[in-house]
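In: No letters, just coordinates:
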């Protein structure tokens, strides 16, 4: 079983569309994250949730809205997609906030906005 | 979190040991040294972490300098599958929040 799974793996969409990326972890972790890796390969945190509560919200446009229906899921919804949103998005989880450095990452979702 | 400096890239031959350096001259006493790697088209993967003593696990060894201003990730016998970007990250013990990734070292392994 995959510990942290994201769907879809690839997403190609037009500018202006709204799309969602789903993430599920079966590790029983309390904390989940969304990271963005841009074309220069820099990985940056976007959001973190602990027990379904938003903990970190880096400088991310309002068009990005995370939703955590339960501890095992953290979905990312993006409105009005722009070309600059093209990137690989990684979901991750850790046992708790204090163990963020021992996080498990998903395989990534490659988003291409055309 | 304190800053780390790593070479942009390194090459290794298959079956040979690889020593990946990381400098962290501003490390504080409560910073743990973590290593992650990212295989092509994969998410980052935790490798190893340590505080002061050298550490070994099934993936690698971590050698930490006595003054803790540098560390070295050691892959004892590189395989083609070890070709990846390796990130050295400092984290304050028990601190909350996200990981801060730098540029890392891109390791190429030649057959």
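Out: Received it, and whenever you're ready, just let me know what you need. From a predicted model like this one, the values you see are computed outputs, not experimental measurements. Numbering: from 1, shown residues only, chains lettered A, B, ... in the order given.

In: Tell me the bridge partners for the spatially most central residue of chain B.
Out: Chain B has residue B:35 as the residue nearest its centroid, 3.6 Å off, counting by C-alpha atoms, centre = their mean. Counting by DSSP bridges, residue B:35 forms beta bridges with residue B:48, residue B:88.

In: What residues are bridge-paired with the residue lying closest to residue A:10 once chain neighbours are set aside?
Out: Excluding its sequence neighbours, the residue lying closest to residue A:10 (C-beta to C-beta, 6 or more residues apart in numbering or on different chains) is residue A:110, at 5.1 Å. Backbone N, C-alpha and C define where each C-beta goes, glycine included. Per DSSP bridges, the residues bridged to residue A:110 are residue A:10, residue A:88.

In: Show the contacting residues for residue A:110.
Out: A:9, A:10, A:11, A:88 (C-beta atoms under 8 Å, 6 or more residues apart in numbering or on different chains).

In: tell me the contacts of the third one?
Out: By C-beta under 8 Å, 6+ apart, residue A:11 lies in contact with A:19, A:21, A:109, A:110, A:111, A:112.

In: what's the answer for residue A:31, then?
Out: Listed by C-beta under 8 Å, 6+ apart, the contact set of residue A:31 reads A:48, A:49, A:50, A:51, A:55, A:93, A:94, A:95, A:96, A:97, A:99, A:100.

In: residues touching the residue nearest to the centre of chain B, list them.
Out: Applying C-beta under 8 Å, 6+ apart to residue B:35 gives the contacts B:20, B:22, B:47, B:48, B:49, B:60, B:62, B:73, B:86, B:87, B:88, B:89.

In: Give the buried subset of the contacts of residue A:31 as a ChimeraX selection command.
Out: Of the contacts of residue A:31, the buried ones can be selected in ChimeraX as follows, counting by 16 or more other C-beta atoms under 10 Å in any protein chain shown:
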select /A:48,49,50,55,93,94,97,100
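
In: so which of the contacts of residue A:31 also contact chain B?
Out: The subset of the contacts of residue A:31 within reach of chain B, by C-beta under 8 Å from any C-beta of the partner chain, is A:48, A:55, A:97, A:100.

In: Just the closest of those to residue B:13, please.
Out: Among the ones next to chain B among the contacts of residue A:31, residue A:100 lies closest to residue B:13 (C-beta to C-beta), at 35.1 Å.

In: On the pLDDT front, check the closest residue in space to that closest one that isn't next to it in sequence for me.
Out: Nearest non-adjacent residue to residue A:100, counting by C-beta to C-beta, 6+ apart: residue A:94, 5.0 Å away. Confidence at residue A:94, expressed as pLDDT, is 91.

In: By mean pLDDT, flag the weakest helix or strand of chain B.
Out: In chain B, no helix or strand scores lower on mean pLDDT, DSSP states H and E than strand B:84-92, which sits at a mean of 91.

In: my read is residue B:11 is in a helix, agree?
Out: No: counting by DSSP: H, G, I helix; E, B strand; the rest coil, residue B:11 falls outside a helix, being strand.

In: Pull the number of nearby residues for the closest residue to it other than its chain neighbours.
Out: Distances taken as C-beta to C-beta, 6+ apart place residue B:108 nearest to residue B:11, at 4.9 Å, with adjacent residues excluded. Look at residue B:108: counted by other C-beta atoms under 10 Å in any protein chain shown, it has 13 neighbours.

In: can you check residue A:86 too?
Out: Around residue A:86 there are 17 other residues, counting by other C-beta under 10 Å.

In: So it is in contact with residue A:113, correct?
Out: Yes: in this structure, residue A:86 is within contact of residue A:113 by C-beta atoms under 8 Å, at 4.9 Å.
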